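Asker: Just need the structure, nothing else, for what follows:
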Amino acid sequence: MNIIESKIDTNSEEYRKNFEAMDALVKDLRHELKRARTERSKKSLDRLAQSGKLPAQKKLDLLLDKNTPFLEIAPLAAKDMYDGKIHAAGVIAGVGIVSGKEVVVSMNDATIKGGASYPMSVKKSLRMQTICMENRLPSVHMIDSAGAYLPLQAQIFPDIDGGGRVFRNQAMMSKMGIPQIVAVMGLCTAGGAYGAAMSDEIVHVKGNGAIFLGGPPLVKAATGEEVTADELGGAMLHCSESGVSDYIAEDDAHAISILRDIIGNLPETEKSRLSMVDPKPPLYDPRELYGIVSRDLATFFDIREVIARIVDGSEFLEFKELYGTTLICGYAHIHGYPVGILGNNGILFPDSAEKATQFIQICDKRKIPLVFLQNINGFIIGRDYERGGITKNGHKMVNAVSTSTVPKFTVIVGASYGAGNYAMCGRGYSPRFLYMWPNGKIGVMGGAEAAGVLVSITNDQNERLGMPRLTADEEEAIREPIIAAAEKEGNAYYATARIWDDGIIDPAKTRDVLGLSISAALNAPIRDDVYGYGVFRM
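Answerer: This next block holds a predicted model:
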């Protein structure tokens, strides 16, 4: 393959200013991630210690194999939502190595509202189950939850993406043969009881763990019977009488030891095979990405410079280099895994969309995973381009992205606007994993563009009604709130709080994050048995 020759002047003033701007964003990201991991009230920490329970981070450290990576998912979920203190939506989750096997790990953080489930907690749990099902990964869940946060129960309970979907997914995962192992380390009430009981194997901690459909207060209110949590659903009852639980543990550490033994006892599964090469680092320092990406997303940067700092040896075989030049397509390797990369170098024209369609089909046929690097304002518009088939060719690209079945991975490295988000495999197109850089913006269109459209529409309406055009002050009164709303709702943190992505990542770590994501995806077949495409409008 050809080596990408970087044209970046790392000594230029522009590079320095860009670097400083991105470095500041990454420092803010690290601060927010640290807050999410450590910002807990003294009262909740004291209560946890008094109960003899382990903190969530300690549980994770004991569960994972030593010196192995952990790909945390949605670590900033629910940021600035609710009371601003429901860090990570109260659920720590990700993909890690346990007893030599890749698994999805999730646990309630009992120091956050007693592990209560908020609407975003449910959404995060559903996302983790999707990761399990798409990538055929075993599920390990450590439960310690006070149940649904009742003041928001209407947002949690009845809909297709509500709490009930979690249990439906558990049944489907069981049907698919995906192992589900849980440790009951605290209360599992009502739905939580089903979450435990619908798993394959249950480890139950004495003293703290309890499984019941209705807790002691509800039992007393409904029947008049007075009973303790341990008498109602403790480890001895469920391990020796009801048969609900399978293993009894003295404490959290003992339960985690049993979890590791169970996972270690799972049969080995052969991962999907790709034409691997020996991995080698890029020729250029990944931190140079800080200076490459413009601090103003309206300013162009060459996506090849990004690719050069992500792929093995900075080697890239570009496909159709002289055709459809606003979309860069080509073959490379990331940590030895073969990938087909699509990256934006401008808005999508008919020829670039057509090129993408062909390239996606080739990669899908050859079982090559796809990586999308999004910095896109959308498709070109206008009469000449409609005559040239932009709608037709855009449809082909969207069709190919939708129906290709090899694993797809998306990183938003800049703008992600309008139909460009769709065509470049946005969240709605089910990439296996999707990440965002801290400078990323997402929306139907940019704030300035949206404001301009609204001003234009208002002036057209006024003209039809025989009214004067808007004054400069009136235009500004329309523009200001639209731009402010777009800045707030298009911000990377706003997106990640709502789990529109799987996490904001440091650009310098993109290569490693993609490598871990590809490795996880290979636990499933590289391509579905049903191969093919819908009708392409010719």
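Asker: Pull out the buried positions in the longest helix along the chain.
Answerer: Looking across the chain with DSSP state H, the single longest helix is helix 13-38. Buried residues in helix 13-38, counting neighbours by 16 or more other C-beta atoms under 10 Å, are found at Tyr15, Asn18, Phe19, Ala21, Met22, Leu25, Val26, Leu29, Glu32, Leu33, Ala36, Arg37. Using the backbone N, CA and C atoms, a C-beta is placed for each residue, glycine as well.
Asker: Stretch 334-342 now?
Answerer: Buried, per 16+ other C-beta under 10 Å, within stretch 334-342: Ile334, His335, Gly336, Tyr337, Pro338, Val339, Gly340, Ile341, Leu342.
Asker: nearest spatial neighbour of Lys320, skipping sequence neighbours?
Answerer: Spatially, and ignoring its direct neighbours in sequence, Lys320 is nearest to Lys355 (5.0 Å; C-beta to C-beta, 6 or more residues apart in numbering).
Asker: got the residue ranges for the strands in the stretch 1-150 of the chain?
Answerer: For the stretch 1-150 of the chain, strands defined by DSSP state E, counting those that start in this stretch occupy the ranges 71-72, 91-98, 101-108, 139-143.
Asker: Save those strands as JSON lines, and put in mean neighbour count too.
Answerer: JSON lines is the format used below for these (neighbours: other C-beta atoms under 10 Å):
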{"stretch": "strand 71-72", "mean neighbour count": "21"}
{"stretch": "strand 91-98", "mean neighbour count": "24"}
{"stretch": "strand 101-108", "mean neighbour count": "24"}
{"stretch": "strand 139-143", "mean neighbour count": "25"}
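Asker: Tell me which of those sits nearest to Arg304.
Answerer: strand 71-72 (26.6 Å; C-beta to C-beta).
Asker: what does the closest one contact?
Answerer: With contact meaning C-beta atoms under 8 Å, 6 or more residues apart in numbering, strand 71-72 is reached by Ile92, Ala93, Gly94, Val95, Gly96, Gly503, Val513, Leu516, Ser517, Ala520.
Asker: and with 7 Å instead?
Answerer: Identification of contacts with strand 71-72 by C-beta atoms under 7 Å, 6 or more residues apart in numbering yields Gly94, Val95, Gly503, Val513, Leu516, Ser517, Ala520.
Asker: For those residues, which two are the farthest from each other?
Answerer: Pairwise distances across the contacts of strand 71-72 (C-beta to C-beta) peak at 13.7 Å, for the pair Gly503 and Ala520.
Asker: Show me which of the two is the more surrounded one.
Answerer: Ala520 (25 against 21; other C-beta atoms under 10 Å).
Asker: What ranges in the stretch 101-250 of the chain fall below the confidence cut-off?
Answerer: Judged against pLDDT under 70, the stretch 101-250 of the chain has no low-scoring part.
Asker: let's see 80
Answerer: 191 (pLDDT under 80).
Asker: Paired strands for the longest strand belonging to the chain, with orientation please.
Answerer: Ranked by residue count, the top strand of the chain under DSSP state E comes out as strand 408-417. Applying DSSP bridges, strand 408-417 is found paired with strand 370-376 (parallel), strand 433-436 (parallel), strand 441-443 (parallel).
Asker: Give me the residues contacting the shortest one.
Answerer: Contacts made with strand 441-443 from outside it, assessed by C-beta under 7 Å, 6+ apart, are listed as Leu297, Ile412, Ala415, Ser416, Tyr417, Asn421, Ala486, Glu489, Gly490, Ala495, Trp500.
Asker: Show me which of those residues are buried.
Answerer: Among these, those classed as buried by 16+ other C-beta under 10 Å are Leu297, Ile412, Ala415, Ser416, Tyr417, Asn421, Ala486, Gly490, Ala495, Trp500.
Asker: What separation do you get for Ala495 and Thr391?
Answerer: Counting by C-beta to C-beta, to the nearest Å, the gap from Ala495 to Thr391 is 28 Å.
Asker: rewinding a little: spatially, which two of the buried ones among the contacts of strand 441-443 are the most separated?
Answerer: Leu297 and Trp500, at 17.5 Å, using C-beta to C-beta across these.
Asker: ok so, going back, tell me the most buried of the strands paired with strand 408-417?
Answerer: Of the strands paired with strand 408-417, the one with the most neighbours on average (mean count of other C-beta atoms under 10 Å) is strand 370-376, at a mean of 26.
Asker: Which element is encountered next along the chain beyond that strand?
Answerer: Downstream of strand 370-376, the next assigned helix or strand under DSSP states H and E is helix 383-387.
Asker: And Ala472, how far from Ile457?
Answerer: For Ala472 relative to Ile457 (C-beta to C-beta), the value is 17 Å.
Asker: And those two? Which one has more around it.
Answerer: Ile457 (11 against 7).
Asker: what's near enough to touch that one?
Answerer: Ile457 touches nothing, counting by C-beta under 7 Å, 6+ apart.
Asker: Got the phi and psi for it?
Answerer: The phi/psi pair for Ile457 (degrees, to the nearest 10) reads phi -60, psi -40.
Asker: how close does it get to Ala36?
Answerer: Ile457 is 41 Å from Ala36, by C-beta to C-beta.
Asker: what does Asp9 give?
Answerer: Distance from Asp9 to Ala36, by C-beta to C-beta: 37 Å.
Asker: for Asn135, same thing?
Answerer: 24 Å.
Asker: again with Gly191
Answerer: Taken as C-beta to C-beta, the span from Gly191 to Ala36 is 25 Å.
Asker: Tell me where the stretch 151-300 of the chain has helices.
Answerer: 163-175, 191-197, 216-223, 229-233, 235-237, 252-264, 289-292 (DSSP state H, counting those that start in this stretch).
Asker: got a list of what the residue lying farthest from the centre of the chain touches?
Answerer: For the chain, the C-alpha farthest from the mean C-alpha position belongs to Gly466; by C-alpha atoms, centre = their mean, that distance is 50.4 Å. Listed by C-beta under 7 Å, 6+ apart, the contact set of Gly466 is empty.
Asker: Let me know the secondary structure of it.
Answerer: Put simply, Gly466 is coil when judged by DSSP: H, G, I helix; E, B strand; the rest coil.
Asker: Now do the longest strand of the chain: everything it contacts.
Answerer: For strand 408-417, using C-beta under 7 Å, 6+ apart, the contacting residues are 293, 297, 306, 369-378, 424-426, 431-437, 439-446, 510, 514, 517-518.
Asker: thinking again about what came up before, save the buried ones among the contacts of strand 441-443 as TSV, and put in distance to Ala88 and pLDDT too.
Answerer: Compiled in TSV, those are given as follows (distance: C-beta to C-beta, whole Å; pLDDT from 0 to 100):
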residue	distance to Ala88	pLDDT
Leu297	28	89
Ile412	20	98
Ala415	27	94
Ser416	23	95
Tyr417	28	93
Asn421	25	95
Ala486	26	79
Gly490	22	87
Ala495	15	96
Trp500	15	97
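Asker: Kindly indicate which of the residues you listed lies nearest Val401.
Answerer: Nearest to Val401 among the buried ones among the contacts of strand 441-443, with distances taken as C-beta to C-beta, is Asn421, at 11.0 Å.
Asker: which strands and helices sit next to the helix or strand containing that closest one?
Answerer: Counting by DSSP H and E, the element that carries Asn421 is helix 418-423. Packed against helix 418-423 by the contact rule (3 or more C-beta pairs under 7 Å, 6 or more residues apart in numbering; DSSP states H and E) you find helix 390-403.
Asker: Which positions in the helix it packs on come out as buried?
Answerer: Here helix 390-403 shows Ile390, Asn393, Gly394, His395, Lys396, Met397, Val398, Asn399, Ala400, Val401, Thr403 as buried, counting by 16+ other C-beta under 10 Å.
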